[in-house]
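Undergrad: Sharing a model that was predicted from the sequence below.
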Amino acid sequence: MMFSVAAIAILVNMGMVLALAIKGPTVYDRILAVNSFGTLTVLLIAVLGFLAGRPAFLDIAIVYALINFITTIAIMKFFKYKFIGRRSGEDLGGL
Amino acid sequence: MEIVLDVLSWICIVAGSAFCLVGAFGMLRLPDVFARMHAAGIIDTAGLALVAVGLMFQAGLTLVTVKLFLIVMFILYTSPVSTHALAQSALSMGVKPKLADDADGNEYKKEDEPSKT
């Protein structure tokens, strides 16, 4: 019962955050919304593991938390410098 | 003992869900990206930590509690880092924070006019 309450609340939150990701005026609003969406997904995976009686889902939640952080940093680097990797033999001016 | 753990778990999970709702509502209602980061911080700290503590009360002293603790500590460390990087990136790309002076509908603060004080 308590896991159902938590899962429903988290799903409602994910909908609201996704609405911000769609309507956000700047790209930074969208990045922030996607970051929060990832945090809520970690939480939803953990709660669903308890709801299904299989807490081994927490491994997936740990991996998702790791990927979420890397994704946010990579997307911000992409929107600031227009590429993610450094091409060889190119001076990027203080990067 | 069982009922005490259940009550503590209920309190933590309901409080965490309420903090998550407040954070998501703030992200929709606040005016610009810097204020929205403040609301996103509620989800990343209070919401996540309280729901995870509620799950820990249900799991007891097992490996599941260790994994939940790892998730909470990791997000508590990475959320300020990504928020700081996002704020710095938005500032350096020219997004201006909305100030209290232009709360009356003016989008940009007129800097060439003398102040009215």
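TA: Structure's in. What do you need? Quick caveat, the model's predicted, so the values are computed rather than measured.
Undergrad: What about the residue in chain B that chain A sits nearest to, how many residues nearby?
TA: Closest contact between chain B and chain A, by C-beta to the nearest C-beta, is at B:Ser17 (3.6 Å). Any C-beta I mention is one placed from the backbone N, CA and C, and that applies to glycine too. Counted with other C-beta atoms under 10 Å in any protein chain shown, the neighbours of B:Ser17 add up to 25.
Undergrad: how much space between it and B:Gly54?
TA: The spacing between B:Ser17 and B:Gly54, counted by C-beta to C-beta, to the nearest Å, is 9 Å.
Undergrad: Check A:Lys80 too.
TA: When A:Lys80 is compared with B:Gly54 (using C-beta to C-beta), they lie 38 Å apart.
Undergrad: Find the helix or strand that the residue nearest the centre of chain A is a member of.
TA: By C-alpha atoms, centre = their mean, the mean C-alpha position of chain A lies nearest to A:Gly38, the distance being 2.5 Å. Using DSSP states H and E, A:Gly38 sits in helix A:27-51.
Undergrad: so which helix or strand takes in the residue of chain B closest to chain A?
TA: Using DSSP H and E, B:Ser17 sits in helix B:2-29.
Undergrad: Give the next helix or strand downstream of that helix.
TA: Counting by DSSP H and E, what follows helix B:2-29 is helix B:33-42.
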